[in-house]
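1. Next come a sequence and a model predicted from it.
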Amino acid sequence: MKRDQINKAHEADLYEAILQLDTLAEVESFFHDLCTPAELEGL
């Protein structure tokens, strides 16, 4: 998906969700749910 196709409200919701995470374990779990293994490897 191209950057200009991203819904700005949904993008803000994603960032807000990330800010709610408190621990490394929560962050790892969140990104494992959100991304494919290939996407995680590319980060």
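-> That came in fine, so what should we check first?
2. pLDDT below threshold where in the protein?
-> For the chain, applying pLDDT under 70 flags the ranges 1-5.
3. tell me the strands in it, going along the chain?
-> In the chain, no strands are found when defined by DSSP state E.
4. mind listing the helices for it?
-> Using DSSP state H, the helices of the chain run over 8-19, 24-34, 37-42.
5. For residue 27, which residues are in contact?
-> Residues in contact with residue 27 (Cβ atoms under 8 Å, 6 or more residues apart in numbering) are 18, 21. (Glycine included, C-beta is placed from N, CA and C.)
6. Buried deepest among the helices of the chain, which one?
-> Mean neighbour count, computed with mean count of other Cβ atoms under 10 Å, is highest for helix 24-34 among the helices of the chain, reaching a mean of 11.
7. what about the closest residue to residue 21 other than its chain neighbours, distance to residue 8?
-> Closest residue to residue 21 apart from its sequence neighbours, by Cβ to Cβ, 6 or more residues apart in numbering: residue 27 at 5.0 Å. For residue 27, the distance to residue 8 equals 23 Å [Cβ to Cβ, to the nearest Å].
8. Ok, residue 26 next?
-> 25 Å.
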